[in-house]
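Enquirer: mind folding the following:
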Amino acid sequence: MGEHILTFQLNGRVDSANSTQVQQEIEAAIAQGGYTGIILDGMQLDYISSAGLRVVLSLKKKYHDLKVINASRDVYDIFEMTGFVNMLDVSRALREISINGLEMIGAGTCGRVYRLDQETIIKVFNPGFNLEKITKEQNSARTAFISGIETAISYDVVKVGDCFGIVYEMIDADSVRNCIVKAPDRLEYFAGVYARFLKKMHSTEFSGEMLPRIKDSWIPSVDFMGKYFDEKEKVMVKNMLNSIPDRDTFIHGDFNLGNLMYSNGKAILIDMADSSIGHPVFDLLGVYLSFVMLPNYMPGEMLHKITGYPGEYNARLWNTFCSEYFGVTDEDGRAAIADEIRPFSAFRVLHASLTVPVFPEKMLKECKEILMKEAGKENERSFSF
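Expert: From the prediction side, this is the model:
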């Protein structure tokens, strides 16, 4: 039997003068509707006293999943000071911000970035991004920051019309990608910054309670790839992904040159929506895809449009990355690394093509061949990194 949740609107003040009546109204509404749980909506709540908190506590004992949503800042402070936020889920009402007249300073697949003032920016997500995914990005950024990974500090989740946004500290920096475009003679330097940051990031471990495991989203996604796999092949691909050794390593999920900012010798990571934990290959497959696979299949103009830099840079980027991340400087060593990563990059291409149809048919066909050849192996996967 599914859950049947009552959302009850609290209004004005809930104090000693009306707390008994409020509780009776809630209990009657629950009984009448046959509800199995309750959410208290504090959008119209101005104040709650100790008597009102006792009502909440009484309801919490009966309905363990009780939530309070849309609490104003003043009401939230009361829940926080009394310790209630430690025993039940209390969420604040989102501040509303207008972007009319603001300068747009960047755009990507997830949304647009505007300058709020000299110290803050706002990332406005495209329609369709739900609050849960956006809150996940904010929490991931905070988790990474307190664990020693340089990230932009996130201040608040807000509403922007019908969309959601996150307010971040203003970063006086440019992406590593743009740094390379502006100073191609320093390509090896910035590629080294990029590689060393990822290697340091992959030395940071988290518990499974802090971030989700990347396998938990990748493996089920195979079920939706009927365009490429029959049922037998789906099982083979799942087994291949499942055989990747488990680690508690921090994984960014989209570690490209545009998501690492640089200023005055310091690199800062942004766009944390896909952060998780797992084996480093889940990040390295994206690096190999960008620097090696795409240049092999994409015509120059299309490649430049996707990556944001000239295609002739890729060989230098890959060689420098291998030197800085793997300590490999010879062609045979780079080829061995590529052999380990290539099948998983091939999966990424096929998976991404379901929502971003930019890959040539020849690339998709060969990626499936690469992937199924690896998926047909019975042995446990192991990596040199």
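
Enquirer: tell me where the model's unsure across this protein.
Expert: Along the chain, segments meeting pLDDT under 70 span 1-3, 108-109, 207-208.

Enquirer: which residue is nearest the middle of it?
Expert: When the chain is reduced to its mean C-alpha position, the nearest residue by CA atoms, centre = their mean turns out to be residue 273, at 1.5 Å.

Enquirer: tell me the spacing between that one and residue 103.
Expert: Using CB to CB, to the nearest Å, residue 273 is found at 23 Å from residue 103. In short, each C-beta sits where N, CA and C put it, glycine included.

Enquirer: show me what contacts the residue nearest to the centre of the chain?
Expert: The contact partners of residue 273, taken as CB atoms under 8 Å, 6 or more residues apart in numbering, are 110, 133-134, 136-137, 140, 253-254.

Enquirer: most neighbours among those, which one?
Expert: Greatest neighbour count in these, by other CB atoms under 10 Å, goes to residue 140: 24 neighbours.

Enquirer: tell me which helix or strand it sits in.
Expert: For residue 140, the element it lies in under DSSP states H and E is helix 131-146.

Enquirer: and residue 341, by the same measure?
Expert: Here residue 341, judged by DSSP H and E, is contained in helix 331-353.

Enquirer: returning to what we had before: including distance to residue 384, could the contacts of residue 273 go into a markdown table?
Expert: Output for these, formatted as a markdown table (distance: CB to CB, whole Å):
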| residue | distance to residue 384 |
| --- | --- |
| 110 | 33 |
| 133 | 34 |
| 134 | 37 |
| 136 | 32 |
| 137 | 32 |
| 140 | 28 |
| 253 | 22 |
| 254 | 24 |
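
Enquirer: ok, so of those residues, who is nearest residue 237?
Expert: Using CB to CB, residue 253 comes nearest to residue 237 of the contacts of residue 273, at 19.1 Å.

Enquirer: surely that closest one and residue 214 touch.
Expert: Yes - applying CB atoms under 8 Å, one finds residue 253 in contact with residue 214, separated by 7.1 Å.

Enquirer: anything in contact with each of the two?
Expert: Common neighbours of residue 253 and residue 214, using CB under 8 Å, 6+ apart, are 276, 282.

Enquirer: how about the helices in the stretch 251-385 of the chain?
Expert: 281-288, 294-297, 300-307, 314-321, 331-353, 361-375 (DSSP state H, counting those that start in this stretch).

Enquirer: looking at the ones you listed, which one is packed in the most?
Expert: Stretch with highest mean neighbour count among the helices of the stretch 251-385 of the chain: helix 281-288 (a mean of 22; mean count of other CB atoms under 10 Å).

Enquirer: now do stretch 262-277: distance to the chain's middle.
Expert: Distance, stretch centre to chain centre, for stretch 262-277: 12 Å (CA atoms, centre = their mean, to the nearest Å).

Enquirer: scratch that, stretch 295-312 is what I was asking about
Expert: Centroid separation between stretch 295-312 and its chain, computed with CA atoms, centre = their mean, is 26 Å.

Enquirer: contacts for that stretch?
Expert: Taking contacts as CB under 8 Å, 6+ apart, the residues outside stretch 295-312 that touch it are 177-178, 180-181, 257-258, 290, 294, 314-315, 358-360, 362-363.

Enquirer: distance between the ends of it?
Expert: End-to-end distance for stretch 295-312: 9 Å, by CA to CA, to the nearest Å.

Enquirer: same thing with stretch 158-171?
Expert: 19 Å.

Enquirer: and it, which residues are buried?
Expert: Under the neighbour-count criterion of 16 or more other CB atoms under 10 Å, stretch 158-171 has 158, 160, 163-168, 171 buried.

Enquirer: restricting to C-alpha, output the helix or strand hosting residue 233 in PDB.
Expert: Taking DSSP H and E as the criterion, residue 233 maps to helix 231-242. The C-alpha trace of helix 231-242 is given here as PDB (Å, rounded to 0.1, in the frame of the first residue of the first chain):
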ATOM      1  CA  GLU A 231      18.700  -8.100 -23.200                       C
ATOM      2  CA  LYS A 232      21.700 -10.400 -23.300                       C
ATOM      3  CA  GLU A 233      24.000  -7.500 -24.100                       C
ATOM      4  CA  LYS A 234      22.600  -5.400 -21.300                       C
ATOM      5  CA  VAL A 235      23.500  -8.100 -18.800                       C
ATOM      6  CA  MET A 236      27.100  -8.300 -20.300                       C
ATOM      7  CA  VAL A 237      27.500  -4.500 -20.100                       C
ATOM      8  CA  LYS A 238      26.200  -4.400 -16.500                       C
ATOM      9  CA  ASN A 239      28.600  -7.100 -15.500                       C
ATOM     10  CA  MET A 240      31.400  -5.200 -17.100                       C
ATOM     11  CA  LEU A 241      30.600  -2.000 -15.200                       C
ATOM     12  CA  ASN A 242      30.000  -3.900 -11.900                       C
END
